[in-house]
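A.B. asks: Predicted model follows, preceded by the sequence.
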There are 2 protein chains.
Amino acid sequence: MPQPLHFTIEHRCSESHARVGHIQTPHGAFDTPAFMPIGTRGTIRGLTPRQIRETGSQIVLNNAYHLMLRPGDDLIARMGGVHGFMRWDGPILTDSGGYQAYSMSDINSVDDEGVTFRSIIDGAEIHLGPERSMEVQNNLGADVIMAFDDCPPSVDPATLNESRKRLAKRKGEVLTDSRDHHQRLVIANERTVRWLQRCVAAHSKPHKQALFGIVQGGTNPDLRRQSVEAICNIDLPGYAVGGVAVGESPDQIRSTVEFTVPLLPEEKPRYLMGVGYEQDLVMAIRAGVDMFDCVLPTRNGRNACAFTRSGVLRLRNARYAEDDARIEEDCDCHTCQNGFSRAYLRHLFASREMLGPILVSIHNIRHYQRLMLDIRKAILEDSWSSLSRDWPVLDAPVSRE
Amino acid sequence: MPQPLHFTIEHRCSESHARVGHIQTPHGAFDTPAFMPIGTRGTIRGLTPRQIRETGSQIVLNNAYHLMLRPGDDLIARMGGVHGFMRWDGPILTDSGGYQAYSMSDINSVDDEGVTFRSIIDGAEIHLGPERSMEVQNNLGADVIMAFDDCPPSVDPATLNESRKRLAKRKGEVLTDSRDHHQRLVIANERTVRWLQRCVAAHSKPHKQALFGIVQGGTNPDLRRQSVEAICNIDLPGYAVGGVAVGESPDQIRSTVEFTVPLLPEEKPRYLMGVGYEQDLVMAIRAGVDMFDCVLPTRNGRNACAFTRSGVLRLRNARYAEDDARIEEDCDCHTCQNGFSRAYLRHLFASREMLGPILVSIHNIRHYQRLMLDIRKAILEDSWSSLSRDWPVLDAPVSRE
């Protein structure tokens, strides 16, 4: 059977697990390590596909959860799939919908069949499990699709405060102590493997869409190792690390990534889901990750936070009221190249004008893509020290907000 | 003294007062008849200057009222004026701020000195009169600036219902019968002339910014004639017709425009403020108008109404849920050329995604600019009949909403 995805490793770092490569898909190739901006509802908020392309993004992510609820995956299938629907002719990845179903909805039940929840649109009762997630993603037609996994809170409930415990309980996570938490992670590992087998069986377009398995296991090395062994025992075009950056400390994120990623098969793409800040990306790439997605550049951009190589500018701050400098003087993004000043951007945010979120999202996505370009260069040229010199933010502590 | 504006008439219509020309400004030229999209707060909502330029727009309008309140005209002056602030290097026109001060604010007083109102931003008491309006517009630095005029309701209060009478009264317009209304128009005419003289005296950059006078007079031909004579007795680079489309019937708009415009000096640009639908534009151009502004393409675009040559599509309508056609098959706008379907646009509006308003605003502004191109062609080639054939909407009754 023809494979939908071809991964070529072009160069391996001499001092870490990092590698440079490219991935060929039915809708063109993208370079790795790759950062995927998020187009939740089939649109990266406010940006045309041309503007997305100009940030240097080569692949975008869509959320199956949102699109299955509205306008409906069957409608999108009849319209020719997400590529034609959103007019993005490059590679697209969809997630399984599970994470949003868990985190955004009123949960009615979570069991071995999946999750039953109330639609955030109209309150209708919806079931999502491995078979339905595959149906949704087959309908959407992305180049890379994700297994439906069980992603419990990564954090030991003994470390949660009361309000977060209540939240976990409401989300169907009946956790009372560390022992329960460990048991929940074990259940998640087992379910995730069984669900992956059901996803493989249900996947109707394996020749057109590459299905990635997802490793779970929380912050527990033994459970991570067990998950890697069970998941990677199933031959798939790529593997993802899930359950990271869902509440852990920076140290926990680092140790989990650095432990887990090198266990994954070396010749397959490795995708670290939902991570993160610039420092996280460099750490994870050095551990051997090839693909990332994260809401930070767009979500923070909509909130007037502009990323720079020296740190974040909060453009609503009064200090920028008469600052005629660009966000970043030597940035090559559309926003900076066209000379939009911090003062003007602050005015747009103060006036709640759409153009503010748009221009800062463009800058922020380009910021991430420039980082990926420089990281690829650092890998190719063994020049990690000049990367740190050019990106002072990499030496700053991550301010997770 | 060097003139900031040069108007060249290239061709006169053989069967109407219409003419084709171009206007040279300190920031480049624009062709006439010209349509100016509205960038209220120094931004056409959601569009980058490149996207504006690609609609074929050559000149944009900014509202002095909004910019004086936030971020402040003095701040914009320190940032180098509106051109540099919004990064639009083509011609810009600002209005005087008077119309918004009357129509949007809590009015404290209206008298011979101007209007005193509460800021919609912070409730501060603000005075706006001819001198302050000139100061604001000199600070903003647009190529064409407008006289501060007195623009009373055009409609005889005898024809208003009770709620609109109360509104008029709250706005400082103490009208109780037709006789009062006539008297109010007379006062407006007199004030507008006195204020224009004060604007001319206060205008600090007549060599850089072209000040246009504004004709008032409501729907009364005698008062319109008197206003034209008084206003045009003051030598200015251009003249505008104000007080149109502020509540009159389509017949009243037509008769007022067709009566007033031919009275204006032929060799000067004529600007019909705040009008209107496609049918209005053709009528007004045939009466000799050279410049227009109107919120319709952007405001209606943000509300999912797409203009086509056959009429309006309401893209929220369920009939478009699976319509994979573009807004208009042979349209050359970015939205249609890139194949965004009605189904996708409907999805964007249903999901309250910014990209919906952006893509339809782009289409709608281009729709207006295509109309202007075709009208210029009709004037040059005496081909009004083919204009009507290509634009069925011109034969439909205007649906004012």
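C.D. replies: Noted; the coordinates are in hand.

A.B. asks: roughly how far apart are A:Trp391 and chain B?
C.D. replies: 27 Å (Cβ to the nearest Cβ, to the nearest Å). Using the backbone N, CA and C atoms, a C-beta is placed for each residue, glycine as well.

A.B. asks: quick one, what contacts that residue?
C.D. replies: A:278, A:309, A:371, A:374 (Cβ atoms under 8 Å, 6 or more residues apart in numbering or on different chains).

A.B. asks: again with A:His203
C.D. replies: A:134, A:138, A:145, A:209, A:211.

A.B. asks: coming back round to it: tell me which entries of the contacts of A:Trp391 lie within helices.
C.D. replies: Among the contacts of A:Trp391, the ones falling in helices (DSSP state H) are A:278, A:371, A:374.

A.B. asks: Against chain B, how distant is the first one?
C.D. replies: In this structure, A:Glu278 lies at 26 Å from chain B, with Cβ to the nearest Cβ as the measure.

A.B. asks: The nearest residue to that residue once chain neighbours are set aside: how many residues sit nearby?
C.D. replies: Spatially, and ignoring its direct neighbours in sequence, A:Glu278 is nearest to A:Val393 (5.4 Å; Cβ to Cβ, 6 or more residues apart in numbering or on different chains). Look at A:Val393: counted by other Cβ atoms under 10 Å in any protein chain shown, it has 18 neighbours.

A.B. asks: One more: the one 3 residues further on?
C.D. replies: Counted with other Cβ under 10 Å, residues neighbouring A:Ala396 total 14.

A.B. asks: And for A:Glu381?
C.D. replies: Neighbours of A:Glu381 (other Cβ under 10 Å): 11.

A.B. asks: and the gap between it and A:Arg118?
C.D. replies: 52 Å (Cβ to Cβ, to the nearest Å).

A.B. asks: again, but for A:Ile44
C.D. replies: For A:Ile44, the distance to A:Arg118 (Cβ to Cβ) stands at 27 Å.

A.B. asks: And these two? Which one has more around it.
C.D. replies: Each of A:Ile44 and A:Arg118 has its neighbours counted (other Cβ under 10 Å); A:Ile44 has more, 30 against 14.

A.B. asks: so that one sits right up against A:Arg50, yeah?
C.D. replies: No. Counting by Cβ atoms under 8 Å, A:Ile44 stays clear of A:Arg50, with 11.6 Å between them.

A.B. asks: Enumerate every residue touching the residue nearest to A:Glu278.
C.D. replies: A:278-279, A:307-311.

A.B. asks: Just give the closest residue to A:Arg184, not the sequence neighbours.
C.D. replies: In space, A:Arg184 is closest to A:Pro152, 4.8 Å off (Cβ to Cβ, 6+ apart).

A.B. asks: ok, now A:Leu236?
C.D. replies: A:Gly213 (4.9 Å).

A.B. asks: and what of A:Lys205?
C.D. replies: In space, A:Lys205 is closest to A:Asn138, 5.4 Å off (Cβ to Cβ, 6+ apart).

A.B. asks: tell me which element that neighbour is part of?
C.D. replies: Using DSSP states H and E, A:Asn138 falls within helix A:130-140.

A.B. asks: What is the subsequent helix or strand relative to that helix?
C.D. replies: strand A:144-146.

A.B. asks: what helices or strands is that next one leaning on?
C.D. replies: Judged by 3 or more Cβ pairs under 8 Å, 6 or more residues apart in numbering or on different chains; DSSP states H and E, the packing partners of strand A:144-146 are strand A:92-94, helix A:130-140, strand A:210-215.

A.B. asks: quick one: A:Cys333 from A:Thr55, how far?
C.D. replies: From A:Cys333 to A:Thr55 the distance is 7 Å (Cβ to Cβ).

A.B. asks: give me every residue that touches A:Cys232.
C.D. replies: A:213, A:215, A:239, A:263-265.

A.B. asks: Kind regards, and thank you for your time.
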